[in-house]
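> could you look at this predicted model? Sequence included:
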Amino acid sequence: MGVLVFPFWYFLVFPYYGCLGISLFPFIHKKPKNICAYKRLFRSPVYFKQAYNGISFPETDLETSIPSHDPVLLQSIEHHIDQLERKRYENDLCQEIYSFIQKSLGTPQCCFNFAVKDLNLHPKAIQRELKKNRLSFKGILAETRKEVAEYYLANTKMSFIQLSQLLGYNNPSAFSRAFKSHSGITPKQYREKQIECRDDAKTYALK
């Protein structure tokens, strides 16, 4: 029987893991002195100092029906998977960094130091290659956040609090400031603009 592993953050927006036969919960960080809260919350074996943060469950559970399925959430997850598979940069290292950010976005691991460990390269070698391509880790992170934010703002009703957490911002205000600095408008204005464009398109189609 195969076992599939998914990044833990998926289940912050996919609250149906109770339907699955969870095998174990691995975490990257070291074991805390008191793990009672972990046991109480997850009710499955919890392991620390592992290679990834994730959830493992039998592959056969993919056939399990979800009682309260959410088509909008499914669309969002499928979009995220498509983004992970998309090749954005011709340079292999830049693409690897982009993929790393996509996978770790919204987690404490989404930073340059963890990218270095993930790629198993010297920090200066990575910085040198990025500079050669007129890029930086912070720049790729900012652009990725912008892409993800624009998708969720345009295609879902996700709250600004949830979206700021998904993107790894400390609070909605920080998310709003960062989004405006890159887009010229606030997240609220961007969402309203997208709704207006869709309404105009529907009106035009009916004529």
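Now that the structure is in, tell me what you want to look at.

> please enumerate the helices of this structure.
Using DSSP state H, the helices of the chain run over 36-42, 71-85, 92-104, 112-119, 123-132, 137-155, 160-167, 172-183, 187-206.

> lowest average pLDDT across the ones you listed?
Mean pLDDT is lowest for helix 71-85 among those, at a mean of 66.

> from Glu96, how far out is Asn120?
Noted for Asn120: a distance of 11 Å to Glu96, by CB to CB, to the nearest Å. (Each C-beta comes from the backbone N, C-alpha and C, glycine too.)

> please identify which of those two sits among more neighbours.
Glu96 (16 against 6; other CB atoms under 10 Å).

> roughly how far apart are Pro32 and Lys49?
Taking CB to CB, one finds Pro32 at 11 Å from Lys49.

> which residues do those two both contact?
Common contacts of Pro32 and Lys49 (CB atoms under 8 Å, 6 or more residues apart in numbering): none found.

> hang on, the earlier thing: could I get the helices of the chain as a markdown table with distance to Thr64?
Formatted as a markdown table, the helices of the chain follow (distance: least, CB to CB, whole Å):
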| stretch | distance to Thr64 |
| --- | --- |
| helix 36-42 | 18 |
| helix 71-85 | 14 |
| helix 92-104 | 24 |
| helix 112-119 | 31 |
| helix 123-132 | 41 |
| helix 137-155 | 26 |
| helix 160-167 | 25 |
| helix 172-183 | 34 |
| helix 187-206 | 34 |
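
> for those helices, which one sits closest to Gly54?
Closest to Gly54 of these is helix 92-104 (CB to CB; 10.7 Å).

> list the contacts for the residue lying closest to Ile101 once chain neighbours are set aside?
Closest residue to Ile101 apart from its sequence neighbours, by CB to CB, 6 or more residues apart in numbering: Thr144 at 4.9 Å. For Thr144, the contact set (CB under 8 Å, 6+ apart) comprises 98, 101-102, 105.

> one more time with 10 Å
83, 88, 97-99, 101-102, 105, 110, 167 (CB atoms under 10 Å, 6 or more residues apart in numbering).
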